[in-house]
Each structure stands twice: as C-alpha cells, then as structure tokens.
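S.K.: just need the structure, nothing else, for what follows:
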Amino acid sequence: MRRRRHVKIVATLGPASSSRATIRSLFEAGADVFRLNMSHGQHEEIAERHRIIREIEHELNRPICILADLQGPKLRVGTFKDGPQELKAGDAFRLDLDEAEGDATRVRLPHPEIFEALEPGARLLVNDGAIRLRVTRCDDMSADCEVEVGGVISDRKGVNVPDVVLPIPALTDKDRKDLEFVCGLGVDWLAMSFVQRPEDVIECKQLAAGRAAVVAKIEKPAAVAAIDPILDEADGIMVARGDLGVEMPITQVPPIQRRLLAACRERGKPVIVATQMLESMINAPVPTRAEVSDVATAIYHGADAVMLSAESAAGKFPVEAVKTMNDVAVEVEHDPYWRERMEATRSKSRTRVNDAIVAAAREVAETTEVAAICCFTHHGTTAILSARERPRVPIVALTPFLATARRLGLVWGLHCIHTHEVERFKLAVVSAARAAREAGFAGEEDRIVVIAGIPFNTPGSTNILRVAPCREKLIFEGEPE
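M.R.: Numbering: from 1, shown residues only. Next up is the predicted model:
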C-alpha cells in the first residue's frame, strides 16, 4: 500500500461511505486519513465507522489516521410565523431576543452574547452570506439593521458575524461530550471549529490531555489575524475555506490560503486545505477543470493534505473522488516545477540541533545515492521535521508507538511503520533497513540515511545520523558495542 505521492488525502465518511466495502475501497483508492464529522451522525454511527477503520487497518497492517471534526457553536435565527420572508435591499430588519415567531421586519436571534459584542457598522451575514445586513443601532437585547443584500430568509438559517470577536466559547457542551467520546474511541486528531484565539486551542488541548492532536480550523477573520499565536498552540491547522469565504471577501481567500500554508511549512506543522475541492463530484463522475486546478494549486503550495467533504460523505461517486484527487497529486508531483517550488520555499532557519540533523539527512540523500530517509521516532518530532525539508527521496517513519504511527499519517510524505521498541541506535538501523526493504523503498544493494534522537523517548532530541547499507546481516558486523 505504498503511495506514489507525498501529499495526503483526507476523506470524510458519511451516508455514502459508511459500509465496510466502501471504506476499504476509499483507502485502497488513496485515502490516508478518514474524517468523522461530529456535526452529523449519532455516537453509535461514529463508533461503528471507527471500528471498521481499525479492522481494515489490522487486515492491511498499515496504520490509518482518523480525524474527528467537532461541530463548534452554530449561530442560527429562529422561525417565521408565515414561512420564508423576502428581504429587499434598503429594508429595515431587526434581530432580537423576543421568543415570538418572526415576520418580514424581525426575527429572533437566540444568542445574547452576539448583541453584547455588536457595534454599529458591523455586518451580519445570513444563509452563508446570501443575505447581508449592516447594524445601524444595537443594545444588549436587539440589533436594528439595514438590508444591504436581500434574499429569502427562512427558519433557522445560519448567521456569521465576521467583524467582531464573539465572546462565545469555541467548545459547546455537545463538543465536550463528543470530544470525550471520540478520545475514548481512540481517534488521532481533533479538528476544532470556530477558533478565534489561541486560548480556544489551549482549552481543547487540555481536554484532550494528549489523547489526540489538535487541528485549529481557520474559518474566521479573528483566527487569520491571530494565526501566529494560534500556531504556537495548535498541532496543525485546517484552511476551512467555506466559512472563511463567507466571513471575508472571497477574493482574499487564495492569498490567505497561500500565507497559511507557508506559515505552517516554516513551523513544521501539518496543514489541510479543505472545502469544495471537487464539489461537482457530489453528482458527477468527473470534476471540473477549475476544481482540478484548485487541488493542484494546494499541492504546488506545499499542503500536507487535501480534503474531501460531501464528495466522499454524501456524493454519488466517493471512490472516484478519492481516485481523482490521488491522480491529480501524482501528476503534479511529477512536474519539475513542483519540485523546484518545494526546494525554493524550504526554510533557511537552522537554530537547533534537530533542525540541522534533518537538513543534513536531506542533503546527504540528495547528493549521494541514497534510497530513503528512515526516521526512528517516538513522539513524531524527527519525522515531522524531516517532512518539512520536503526531500527528494521517500521518508520512512518508524515508531514503536501505534498512536504515533497513526497520527503521523496526516503529515506530508511520511510512510509510517509500527515497529518494535529498540534500546540502541544499532538496532534502530537494523530495523530501519529491514522496513525499507520490506516496504519496497530500498533493495539490499541500496543505502539509507537513518536519523534518531539519543536517548530514545526524549521529544526534540534528534541528534544522530548514519548512512547505512540495507543488507541487514552486514550492518555493524564486527563493530564494538
């Protein structure tokens, strides 16, 4: 099951992809990470999908990464007495806390915290931005607005508030319960919605307590503005372009995406590009040319992973969508310009020993005939730093911890292998040579670069590099202990 590409593919599971046969087909077609969307499905359904993934993992003897996406707070208007109402540009419209059903002049917005934060001039976007309101007057109980862009408003449509940082916790009671549930199942990553500030990520990580890594979904202007402190706390990010394109001018999304990818690459943190990548494949067996270009652009910019949402969860062609994304990635990564970009955008910062070691490993691999870089890692630090270098040769990440092998499945270019514990670097090299041969990355006449941290099981201690032959029986023969 060796992939012929470096970028990873995240496939969301749902009604169209909940059977064992389909999930296995998705993995065989190229899915590296399975996303469990906590906005849809009961706990029993989530647990069943998780169980199937782990069974397939055992059958194929390949660690599989699972990401649980927490719903976050949903801001919605109330209901209308006489059904949907049409709002026209220039109309006055009020949002308030009154429990009475709405009409053409007002509707309930059951979120007092929004009214506390609003100021005159702030925008309110309804129904994914189809309707735009501008606040003219507000207090703790209501907001009078002018309709700037009209449309039909109906029951429980969503509301976005892009211009203020809302005093709303990113984790709802539902999210807390879901977090405990999926961490109990044993998911590898948590995707956190509605992140506005680094404190949101800190709270999520405290609740996860090391049981899962945390991806901060960047979907609000406040998160874009605070990206550096958020990256200090998050284990990775997701560029959630759906809500981001609602809350910000849609023309700003491409440069923001590119900037976020560069920031994550510099820090060595994985980044997922998500939303509407192959949207037309929900109903069609082939994508549009623009969608293919969109996927390709994310890969050219160095994304660790590209994600399918409704395409694989509810679409008519889930397996075809994964295969298409896989084929696009393979084609892009065969383009010499892609390789030039990976090298031109490589970080020049070398402030720590482990930075220097992984850079040296990449340099040795690219200037000599070396088949692969093999990282022996416990917590994943060595492998993630190696991936940041974007080397020309494959990266094999070996770890005695299955949880680490699964978690690293999201990271660019890593082929993860769960191996036995070793106490000496000599044994790590023997294990790496065997793994590289068995996985098809090297033959007995090839050489590999092996890097690790001594002493083992110390995060961030990458400090040793060796070029070794792949003929296991000859390694270290006659060497003193």
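
S.K.: buried sites along stretch 273-280?
M.R.: For stretch 273-280, the neighbour count (16 or more other CB atoms under 10 Å) marks 273, 274, 275, 276, 277, 278, 279, 280 as buried. Quick note: C-beta positions are derived from backbone N, CA and C, even for glycine.

S.K.: out of those residues, which one sits closest to residue 215?
M.R.: For the buried residues of stretch 273-280, the closest approach to residue 215 (CB to CB) belongs to residue 274, at 10.0 Å.

S.K.: I'd say the closest one and residue 243 touch.
M.R.: No - judged on CB atoms under 8 Å, residue 274 makes no contact with residue 243 at a distance of 10.4 Å.

S.K.: in strands only, show me the buried residues of stretch 273-280.
M.R.: 273, 274 (DSSP state E).

S.K.: could you dump the buried residues of stretch 273-280 to CSV with pLDDT and distance to residue 248?
M.R.: Output for the buried residues of stretch 273-280, formatted as CSV (pLDDT from 0 to 100; distance: CB to CB, whole Å):
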residue, pLDDT, distance to residue 248
273, 98, 16
274, 97, 16
275, 94, 13
276, 93, 15
277, 97, 19
278, 98, 23
279, 97, 19
280, 98, 24
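
S.K.: just send the buried residues of stretch 273-280 back as JSON lines, with distance to residue 132 too.
M.R.: Shown next, in JSON lines, are the buried residues of stretch 273-280 (distance: CB to CB, whole Å):
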{"residue": "273", "distance to residue 132": "26"}
{"residue": "274", "distance to residue 132": "24"}
{"residue": "275", "distance to residue 132": "20"}
{"residue": "276", "distance to residue 132": "21"}
{"residue": "277", "distance to residue 132": "26"}
{"residue": "278", "distance to residue 132": "28"}
{"residue": "279", "distance to residue 132": "23"}
{"residue": "280", "distance to residue 132": "26"}
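
S.K.: and the buried residues of stretch 273-280, which is closest to residue 434?
M.R.: Among the buried residues of stretch 273-280, and counting by CB to CB, the member closest to residue 434 is residue 273, at 35.3 Å.

S.K.: next, work out how far apart that closest one and residue 431 are.
M.R.: 34 Å (CB to CB, to the nearest Å).

S.K.: skip the chain neighbours and tell me the closest residue to residue 90.
M.R.: Spatial nearest neighbour of residue 90, excluding adjacent residues (CB to CB, 6 or more residues apart in numbering): residue 147 at 6.4 Å.

S.K.: with just CA atoms, put the one helix or strand that neighbour maps to into PDB.
M.R.: Here residue 147, judged by DSSP states H and E, is contained in strand 142-149. This file holds the C-alpha atoms of strand 142-149, laid out as PDB (Å, rounded to 0.1, in the frame of the first residue of the first chain):
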ATOM      1  CA  SER A 142     -31.500  43.700  19.800                       C
ATOM      2  CA  ALA A 143     -29.900  45.000  16.700                       C
ATOM      3  CA  ASP A 144     -31.500  47.100  14.100                       C
ATOM      4  CA  CYS A 145     -30.100  46.500  10.700                       C
ATOM      5  CA  GLU A 146     -30.300  47.800   7.100                       C
ATOM      6  CA  VAL A 147     -30.500  45.100   4.400                       C
ATOM      7  CA  GLU A 148     -27.600  45.600   2.100                       C
ATOM      8  CA  VAL A 149     -28.000  42.500   0.000                       C
END
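
S.K.: sweet, I'm off.
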